[in-house]
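K.L.:
sequence unavailable; structure follows:
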């Protein structure tokens with residue numbers, strides 16, 4: 001008996017057709033949302049736009065909520081739009097203000113709903129915190145002063161209140177919520193508290 005030429009693969013291949021399908025489906029979702037909005041968006045519409053069969057989408061994402069979550073997670077901003085000046089008392093509040101503005105916008109709220117809507121309880125609840133970690137690390141790394149706290153402490157003090165308020169309130173947040181939380185956080189840690 002001859003040896004098998006290629007080993008059996010399990011799961012989707014990185015790249016190749018699987019990546020092309022994912023990119024086409026993600027692009028279709030984004031385009032359809034831009035054209036018609038997210039309400040009423042269906043798997044058959046996405047499949048037709050992406051050039052795949054509905055069964056391809058159901059096999060990979062199981063339902064529309066899971067697909068929307070995947071697209072939203074992919075679109076989460078992880079880069080820091082701020083060029084740190086090296087002073088935590090300036091950089092962290094400036095970033096917090098930008099973060100709140102982005103998340104409290106109509107697209108930010110919609111993205112957050114999409115990320116949470118597809119959560120089924122079997123994986124980490126949300127990647128919204130993961131998306132901010134690299135930015136907080138870059139701000140701390142650029143600091144010209146000792147950093148006496150970890151990233152999780154910033155998330156707890158600055159990011160979590162913003163996301164909680166967005167989830168449980170309908171109106172816009174107080175304009176300085178995140179900035180004030182960041183200022184208080186830096187002051188508390190600068191004084192050794």
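P.N.:
All right, it came through fine. Computed from a prediction, not measured in an experiment: that's the story for all the values here.
K.L.:
neighbours of residue 87, just the number please.
P.N.:
Residue 87 has 15 neighbouring residues, counting by other Cβ atoms under 10 Å. Using the backbone N, CA and C atoms, a C-beta is placed for each residue, glycine as well.
K.L.:
is the closest residue to it other than its chain neighbours in a helix, a strand, or coil?
P.N.:
Distances taken as Cβ to Cβ, 6 or more residues apart in numbering put residue 144 closest to residue 87, at 6.7 Å, once the chain neighbours are dropped. Classification of residue 144 using DSSP: H, G, I helix; E, B strand; the rest coil returns coil.
K.L.:
would you map out the domains in the protein?
P.N.:
The chain breaks down into these domains under automatic domain parsing: 16-75, 88-190.
K.L.:
can you get me a residue count around residue 82?
P.N.:
Residue 82: 18 neighbours (other Cβ under 10 Å).
K.L.:
chain neighbours aside, what residue packs nearest to it?
P.N.:
Residue nearest to residue 82 in three dimensions, not counting chain neighbours: residue 95, with 5.0 Å by Cβ to Cβ, 6+ apart.
K.L.:
residues touching residue 128, list them.
P.N.:
Residue 128 is in contact with 76, 112, 115, 159, 163, counting by Cβ atoms under 8 Å, 6 or more residues apart in numbering.
K.L.:
so the residue nearest to residue 87 makes contact with residue 86?
P.N.:
Yes - counting by Cβ atoms under 8 Å, residue 86 is a contact partner of residue 144 at 4.1 Å.
K.L.:
residues shared between the contacts of these two?
P.N.:
In contact with both residue 144 and residue 86: no residue, using Cβ under 8 Å, 6+ apart.
K.L.:
so if I had to pick from these two, which one is more boxed in?
P.N.:
Higher neighbour count among residue 144 and residue 86: residue 86, with 12 against 9, using other Cβ under 10 Å.
K.L.:
same for the longest helix anywhere in the chain, what does it pack against?
P.N.:
When the chain is parsed with DSSP state H, its longest helix is helix 16-36. On a contact count with 3 or more Cβ pairs under 8 Å, 6 or more residues apart in numbering; DSSP states H and E, helix 16-36 meets helix 43-50, helix 54-61, helix 64-75.
K.L.:
go again with 6 Å.
P.N.:
Judged by 3 or more Cβ pairs under 6 Å, 6 or more residues apart in numbering; DSSP states H and E, the packing partners of helix 16-36 are helix 43-50.
K.L.:
show me which residues of the helix it packs on are buried.
P.N.:
Across helix 43-50, burial judged by 16 or more other Cβ atoms under 10 Å covers 43, 45-47, 49-50.
K.L.:
with stretch 27-38 instead?
P.N.:
For stretch 27-38, the buried set under the neighbour-count rule, 16+ other Cβ under 10 Å, comprises 28-29, 32-33, 38.
K.L.:
same question for stretch 108-115.
P.N.:
Of the residues in stretch 108-115, 108, 111-115 count as buried by neighbour count, 16+ other Cβ under 10 Å.
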